[in-house]
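# make a model of this:
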Amino acid sequence: MTRWYIIYYQDYYIHTYEVEKDKRLKISALLNYLQDAMVHNADSYGAGTDFYQSIGLAWVLIDYEIDIVELPLGKSTITCGTLPYSFKRFFVFRKWEMKDKDNKLIAKAKGKFALVDIKTKEIISPTREMTSMFKYSSEKAQTVPFSKNKQLNTPVVYHGTDTVKTSYIDINNHMNNVYYMIVAYDSIPSDITDNNDIEKIRITYKKESLLGDELIIDGRKEENILSFDILNNATLLSRVKFIFK
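I've put the predicted structure just below:
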């Protein structure tokens with residue numbers, strides 16, 4: 001797996017409440033680390049959530065792809081690095097890299113974000129002043145490729161429901177990105193998660209979800225791939241795909 005040039009690093013100690021029963025890092029904790037490193041990185045440039053909320057804007061995650069080499073054991077320290085890689089038109093692309101104390105690669109991730117007007121929900125093109133705040137991003141307008149995330153052409157084999165609870169809500173007053181992955185992951189039978197390692201997580205975000213929304217979780221399976229559509233009534237909110245080794 002190719003290593004990326006990363007410019008911002010944050011260390012994390014894996015607590016016992018952040019591990020599964022096999023004593024390895026929960027994938028929800030892994031995603032929380034990625035998100036936290038991004039927040040600290042943006043804050044270091046003065047381009048964090050507080051800045052954008054003050055002008056009525058927010059960066060919204062659209063696509064997410066995480067490749068996992070091996071989840072680390074608990075009670076160890078890991079390093080998560082991130083880089084706002086490039087801008088193109090309405091979008092910004094970010095990369096992450098996670099390593100253990102021996103500099104061994106744990107996981108890589110990439111995300112695609114759009115700048116949205118908080119009130120109108122319209123996508124806004126970032127100004128030159130905004131993009132220049134991210135000092136180390138590529139000056140060349142370019143995209144980052146993502147694998148396809150189409151619905152599997154197989155019947156629904158896992159079905160569940162959930163309600164967006166207070167604990168799911170983030171500072172933007174809608175369901176936090178990580179919880180879409182959590183409600184999908186919790187729909188997988190334990191005999192699959194206990195006996196198989198996740199190699200890739202692919203998430204596409206379509207619509208926001210608010211406190212009290214009723215969620216429908218429909219899962220499909222094809223060989224080593226499980227794909228979950230998370231819906232509110234008939235509206236697709238997110239598609240979460242797990243690829244197992």
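# helices or strands up against the lengthiest helix in the chain?
The longest helix of the chain (DSSP state H) is helix 27-44. Contacts defined by 3 or more Cβ pairs under 8 Å, 6 or more residues apart in numbering; DSSP states H and E place helix 27-44 against strand 8-13, helix 49-54, strand 57-68, strand 77-88, strand 91-99, strand 105-117, helix 177-185, strand 198-205. Heads up, the C-betas are built off the backbone N, CA and C, glycines and all.
# domain parsing for this protein?
According to automatic domain parsing, the chain comprises the domains 8-132, 156-244.
# returning to what we had before: can you list the buried residues in the longest helix of the chain?
By neighbour count on 16 or more other Cβ atoms under 10 Å, the buried set for helix 27-44 is 27-35, 37-38, 41-42.
# distance from the chain centre to that helix, please.
Distance of helix 27-44 from its chain centroid, counting by Cα atoms, centre = their mean, to the nearest Å, is 9 Å.
# and that helix with helix 177-185, angle?
170 degrees (axes from the mean of the first three to the mean of the last three Cα atoms, to 10 degrees).
# which element is M130 on?
helix 128-132 (DSSP states H and E).
# run through who's touching that helix.
For helix 128-132, the surrounding residues in contact (Cβ atoms under 8 Å, 6 or more residues apart in numbering) are 47, 87, 92, 115, 137.
# have a look at these and tell me the least confident one.
In terms of pLDDT, S137 ranks lowest among the contacts of helix 128-132, with 53.
# what bridges to the closest residue to N153 other than its chain neighbours?
Distances taken as Cβ to Cβ, 6 or more residues apart in numbering place E222 nearest to N153, at 7.8 Å, with adjacent residues excluded. Counting by DSSP bridges, E222 forms beta bridges with I225.
# E222 against T154, yeah?
Yes. Contact criterion Cβ atoms under 8 Å: E222 and T154 qualify, at 5.2 Å.
# compare the two (neighbour count), which wins?
Higher neighbour count among E222 and T154: T154, with 13 against 10, using other Cβ atoms under 10 Å.
# list phi and psi for the more buried one.
Torsion angles at T154 (phi, psi; degrees, to the nearest 10) stand at phi -140, psi 160.
# wait, doesn't it sit right on K221?
Yes. Using Cβ under 8 Å, T154 is in contact with K221, at 6.3 Å.
# grab the nearest non-local neighbour of the residue positioned nearest the centre of the chain.
Taking Cα atoms, centre = their mean as the criterion, Y64 is the residue nearest the geometric centre of the chain, at 5.1 Å. Of all residues not flanking Y64 in the chain, I203 sits nearest, at 4.2 Å (Cβ to Cβ, 6+ apart).
# ok, the one you found - contacts?
Contacts of I203 by Cβ under 8 Å, 6+ apart are 63-65, 149, 177, 180-181, 238-241.
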